[in-house]
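K.L.:
Pasted the sequence and its predicted model underneath.
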Amino acid sequence: MKVKIKSWRGVAVWKWIANDDNCGICRNGFDGCCPDCKMPGDECPLVWGQCSHCFHIHCIMKWLNSQNVHQLCPMCRQEWKFKE
Amino acid sequence: MANIATQRIQREFSEVTKSDESQKNLISIELVNNSLSDLRGYISGPPDTPYEGGIFHLDIKIPETYPFNPPKVRFLTKIWHPNISSVTGAICLDILKDQWAAAMTIRTVLLSLQALLSGAEPDDPQDAVVAKQYKDSYEMFKLTAKHWTSVYAMTGFDKWRYPDFDYKIQRLMEIMKVDEDRARVALSSNNWDLEKATQSLLS
Amino acid sequence: MAIEKLDYCWSYLTENYAKKAQTVADCDRVNEAFVVLKRNDFLDYYKEWYFEAFRERFANTVIPCFWQKLPQSTLPRDLSAIIHHSDFSLQSANDACSKLFEAVAYLNDEFNDSAKNVFVESLFEFLDNESLTSFQSRLRSLLKALILSNIHLHFNDYVLLTYCCGFCLFRHLRAQEKHSSAGNRMIDDDDEADSEAESNADAKCILCDGWIEGQISEEVYFAEDGEKELCKCQRTMNLFIEMNSQLKELDLLEVVNEDAVASVTHSFIEKKIREKCQGNFDVLCIKSLEDWVRVTIVGWLEIVYDKENKQMTKNSEERLIHFMYETYAQIRTDQMFDIIVEYPESEPALEDLKECLQKCHGFRQKVIKSLKDSFEIRLLHPGVATNDILTAYIQAIKSLRVLDPSGVILQLVCDPVKKYLKSRDDTVRCIITALTDENSELIPELVKGAPQSVEDGTCQSDDEYMADNWQNWQPDPVDAANVAFSSKSIRSSDIVSILVNIYESKDLFVEEYQRLLAQKFLSNFDCNVDHERRNLELLTLRFGESDLHACEVMLQDMTSSKRLDNRINSGEIEAHHFKKFPIKCLVLSEQFWPEKFGLQSNDEASKIKLPSDVEEAIDTYTKAFETIKPSRTLFWTPFLGSVELELEFKDRKLSFTVTPIHACIIYQFQEKKSWLISELSQSISVPTQVLRRKISYWQNRGILKEVKSDKFILVEDIGQTDDAENQADKMNVEEEYCAYDEDSFDGDIQPGSSRDVGEDKFRIYWSFIENMLTNLNSLPLERIHTMLQMFALQGTNSNELSVQSLRQFLDSKVRDQKLIFSGGLYRLPS
């Protein structure tokens, strides 16, 4: 007997490759979404700073907009620069 | 409150409740009026400080824009500390002002305040009188702070008592017909010199 | 001289005391004789003697004679049938009635002769220590005692029959009277049945078949030869009235007729109610019944008893009305289940019953008990589909609210139903379907209820409190509304909330829905997402967005996975260079799916070693994903999924769609034809007990075979032989496996006629069996057969539906992959 696989459908869960589970700003899971979003993933992506800290993009943008003078990382208070 | 603020406070609330510090009764928070924007915080005075044994109550107001702006915190319990107003309880702490970061939480704030009690910053004072005493006569400062802790932040019978202070407060109250708190402030501010305290109340 | 005279007078008075024809001369002689007795103080002696003589005469002569007039032989044999039969015929009872009339008249005559003659009357003119009336009532008491002490068993039957006749006559004559006065016009009367029957009669009495005087034309009367018998009804009625007054005269009326009157009135009231409400729930009838009792029954009582005795009739009137309400309540209570099912057509019956409950104490409990019992018997068992239970539950809610607006009955009756529904796996699915099915009666409820969102909270404690303390129930005060809203919920909230509250809270219901959705998606990757989206939108209206947010993400995962699959398999992604077979993936946002993806358990096979080809496929897929979605990666759950396989045997190919674990098992048999279960377990890292269950899938399909304990081999040559004899042998030897081994699943089952007959018999029960297995998971053959006999096969010849034929039928379902047979149990494929 020979077994021929005609098609394989599997199930997987996706995760962000990040060094923490939760967003430091909204404190929701990275794999969830920020409080203002409905759908996780594409619609509520993560961004990394050069300090290697990451946040929901919506969260960090709000933080940066609320900073008047210096734009600092909410975690390490180094100057925030988006990682290329 | 904005969506993010509400959700965050909800999460933080359970985080604090589950935290080690809370288990050890070092810090805790509770709701006031069932509104997530109005909290009550409690910190215990750190050991080996004049504040040891005291429980200090804090009023915490969460702004609309939390966590992008810091919570507004002040002491409800009267305290003798260079960075905390002995009159209003207002706090001078950088993270509650320009050094706030969105990644900080109520828990980190409470722990920072505990750290502040352990190590004052007399060069960046909130209460200049206290700061001066701290720098000029540190021993007097320690006694006064301990006295304040035992009067305002402790309950029960194991209160520390310093008969000389109690006597002077009593005297000043009799002379000037003021209440106990005013008498205590006047004496504390004048290094427990009864005469100077009387003068300060007259002027 | 004086003695002689006295002796003479005594003899005269004692010898002639009962003589009938008394002349004036006789009276004078009697008077004279009493004068003599009085002179000698003998009057009291005579009185006592007279009393004694009366006793002797009645005991020895009159009463035996009275009984003789009432022979048992005259009574119709099926007495109870006559009385309870609705079209009562006077003829059958006529003889018996006449006998009783005669006997009573005889007794009355005799009594009058003995107690009201000239001797007695004269005696009491001379006596002054006792009055005539008191003596007469002594005689009456004596008579009563003599009758009662000697009563014949069938006497009561005579009485019952006669009063029954009496009632029928009364009703009949009254209807006739109305009919003749109203002509043929509609008669506004509650006795429609009688009137109607009457108007059809052509001048002949339907009760005695005699011609009705005045309604018969002269031509008819004289047209035929012979005498025309006229209607005797009125005459009989007069005799009946006469008899009653005689009995009353004898002070025997109540003694004799009490039981008969009670049973006649009761049985006719009951008959009337049954006529009115037999399978008929859509007309209000309690008021008309009450009127009927007040007019017809009470009217008759007035005839039986003295009209002047108002108090008597008034008392019985209230008793009878109460009896009527109780009987009505009892009949409706017994029909309660059907009334519920037929709501809203049955609303009038409920309104009537509601009125009864207010009048009859204790009936609330009876209604509750009866309904609980019929729910238990008719609903709450595995043979009933969940949908039907839900429908009945909804019907019960709607109708019991009519019956008892406080909702207490509803709450008590429905509690077991609620608990039972909660225990069934498919209840949520049914509710969701009911809520979202466009044809469902619940759709208006769902839309209607949109602004009123579902209340949260638990009813449990309150329910239990109610169950224990319902006797002490007090009406809720007006201001209790917001305090006890949980217990109020079932009593006052809308149907949807009540359905949702089966799960005690909105959260649990939503959780259950989410799990259901997960199971649906994971068991069928191609299920209709649009349809689910519509459902979700409707539910969102009801429950609000935040509670169903996770479900929205789940739906989104389904659609975006499809897009991703297309993209990755399109070839545009270089990382995905795997070309051996198409690999697709359902990419889930874990945080938004229920724990364990809504599966009962998955830990037992959570790590499973996939074939290397598959591992490779998965790796490249993951790499492709990482290319498309930077900074993200995939974690696979290998035990979930669906695999299309083709098994290529020497002579043919078989296709299957199976779970990954099934695929892994059969994959192993490619390299090696025979495996010990322990080796296999190691090789694919699946625990043996899980493995054994999964292997049975291939066993059932005849691909694998357990040759000896724990050793499985591949059946390579299956189906190669079409030798029928061989197959038969095989069936005998491996009896346990005949269900699925005898034939392959390539579809060419011989259309044997005998099997088809057997299947046909059971085909109608298939949905029943499915329900059974849905609810009880797996069952042995015998259980299925017993349950079918209990619930579905009632009335059919169970010999025809033998265990053997059921087994054949179930086995055919196994072949069609509609059932799975393993470990001696049948179950549905998951």
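P.N.:
On my side now, so go ahead.

K.L.:
could you pull out the strands for the chain?
P.N.:
All of this is about chain A. Using DSSP state E, the strands of chain A run over A:2-16, A:46-48, A:54-56.

K.L.:
The intended chain is chain B.
P.N.:
Taking DSSP E, the strands of chain B run over residues B:27-32, B:35-44, B:55-61, B:72-75.

K.L.:
Name the surrounding residues that touch the longest one.
P.N.:
Under the contact criterion CB atoms under 8 Å, 6 or more residues apart in numbering or on different chains, strand B:35-44 has outside partners B:1, B:5-6, B:9-10, B:13, B:25-32, B:54-63, B:71, B:73, B:106, B:109-110, B:113-114, B:117. The C-beta positions use only the backbone N, C-alpha and C, and glycine is treated the same way.

K.L.:
Next, format the strands of chain B as TSV and append mean neighbour count and mean pLDDT.
P.N.:
Compiled in TSV, the strands of chain B are given as follows (neighbours: other CB atoms under 10 Å in any protein chain shown; pLDDT from 0 to 100):
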stretch	mean neighbour count	mean pLDDT
strand B:27-32	16	90
strand B:35-44	18	91
strand B:55-61	18	95
strand B:72-75	18	96
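
K.L.:
The nearest residue to residue C:763 once chain neighbours are set aside: how many residues sit nearby?
P.N.:
Distances taken as CB to CB, 6 or more residues apart in numbering or on different chains place residue C:809 nearest to residue C:763, at 7.9 Å, with adjacent residues excluded. The tally of other residues near residue C:809 (other CB atoms under 10 Å in any protein chain shown) stands at 23.

K.L.:
Helix or strand next in line after whatever helix or strand residue C:809 lives in, which one?
P.N.:
Element membership of residue C:809 [criterion: DSSP states H and E] is helix C:803-815. The helix or strand immediately downstream of helix C:803-815 is strand C:820-822, counting by DSSP H and E.

K.L.:
Next, give phi and psi for residue C:687.
P.N.:
Main-chain dihedrals, residue C:687, degrees, to the nearest 10: phi -60, psi 150.

K.L.:
Looks like it contacts residue C:678 (just checking).
P.N.:
No: in this structure, residue C:687 is not within contact of residue C:678 by CB atoms under 8 Å, at 10.6 Å.

K.L.:
How far does stretch A:5-18 sit from its chain's centre?
P.N.:
The chain centre lies 20 Å from the centre of stretch A:5-18; the measure is CA atoms, centre = their mean, to the nearest Å.

K.L.:
That stretch near chain C at all?
P.N.:
Yes: counting by CB under 8 Å from any CB of the partner chain, contacts between stretch A:5-18 and chain C involve A:5-18.

K.L.:
Could you identify the most distant pair in those residues?
P.N.:
Spatial extent of the residues of stretch A:5-18 next to chain C (CB to CB) is set by the pair A:6 and A:18 at 37.2 Å.

K.L.:
Looking at these two, which is more packed in?
P.N.:
More crowded of residue A:6 and residue A:18, by other CB under 10 Å: residue A:18, with 18 against 13.

K.L.:
Show the contacting residues for that one.
P.N.:
Residues near residue A:18 by CB under 8 Å, 6+ apart: A:30, A:46, A:54, C:631.

K.L.:
give me every residue that touches the first one.
P.N.:
To tie it back to what came earlier, the one meant is residue A:30. A:15-16, A:18, A:20-23, A:46, A:54, A:56.

K.L.:
Next, format these as a markdown table and append pLDDT.
P.N.:
What follows is these, written out as a markdown table (pLDDT from 0 to 100):
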| residue | pLDDT |
| --- | --- |
| A:15 | 92 |
| A:16 | 92 |
| A:18 | 87 |
| A:20 | 85 |
| A:21 | 87 |
| A:22 | 90 |
| A:23 | 92 |
| A:46 | 93 |
| A:54 | 92 |
| A:56 | 93 |
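
K.L.:
What's the PyMOL line that selects buried ones from these?
P.N.:
Restricted to buried positions by 16 or more other CB atoms under 10 Å in any protein chain shown, the PyMOL selection for these reads:
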select buried, chain A and resi 15+16+18+22+23+46+54+56
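
K.L.:
what's the closest of the contacts of residue A:30 to residue C:645?
P.N.:
When those are ranked by distance to residue C:645 (CB to CB), residue A:15 comes first, at 30.1 Å.

K.L.:
Might you report the residue contacts of the nearest residue to that closest one once chain neighbours are set aside?
P.N.:
Nearest non-adjacent residue to residue A:15, counting by CB to CB, 6+ apart: residue A:31, 5.6 Å away. Applying CB under 8 Å, 6+ apart to residue A:31 gives the contacts A:14-16, A:21, A:40, C:589-591.

K.L.:
Kindly recompute the last result at 7 Å.
P.N.:
By CB atoms under 7 Å, 6 or more residues apart in numbering or on different chains, the contact set of residue A:31 is A:15-16, A:40, C:589-591.

K.L.:
Adding distance to residue C:13, write these out as CSV.
P.N.:
Listed next are these as CSV, based on distance: CB to CB, whole Å:
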residue, distance to residue C:13
A:15, 129
A:16, 132
A:40, 124
C:589, 122
C:590, 121
C:591, 120
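
K.L.:
ok, of those residues, which one's closest to residue A:80?
P.N.:
residue A:16 (19.0 Å).

K.L.:
Tell me the bridge partners for that closest one.
P.N.:
As for beta bridges, residue A:16 partners with residue C:632 under DSSP bridges.

K.L.:
mind listing what it touches?
P.N.:
If you count contacts by CB under 7 Å, 6+ apart, residue A:16 has them with A:30-31, A:46, C:631-632.

K.L.:
domain assignment for chain B?
P.N.:
B:3-118, B:128-202 (automatic domain parsing).

K.L.:
Look at residue C:587 and give its secondary structure.
P.N.:
Recorded secondary structure, residue C:587: strand (DSSP: H, G, I helix; E, B strand; the rest coil).

K.L.:
unless I'm mixing things up, it is touching residue C:564, no?
P.N.:
Yes: counting by CB atoms under 7 Å, residue C:587 sits close enough to residue C:564 to count as a contact (6.2 Å).

K.L.:
What's the local residue count around residue C:272?
P.N.:
Per other CB under 10 Å, the neighbour tally for residue C:272 reads 24.

K.L.:
Near chain B, which residues of chain A are found?
P.N.:
Residues of chain A found near chain B (CB under 7 Å from any CB of the partner chain) are A:24-28, A:35-36, A:62-63, A:66, A:72, A:74-75, A:77.

K.L.:
rewinding a little: quick check: which of the domains of chain B has the most neighbours on average?
P.N.:
Ranked by mean neighbour count, these are led by domain B:3-118 with a mean of 18 (mean count of other CB atoms under 10 Å in any protein chain shown).

K.L.:
Look up how far chain C lies from the most centrally placed residue in chain A.
P.N.:
By CA atoms, centre = their mean, chain A has its centre lying nearest to residue A:46, at 2.6 Å. From residue A:46 across to chain C, the span is 7 Å (CB to the nearest CB, to the nearest Å).
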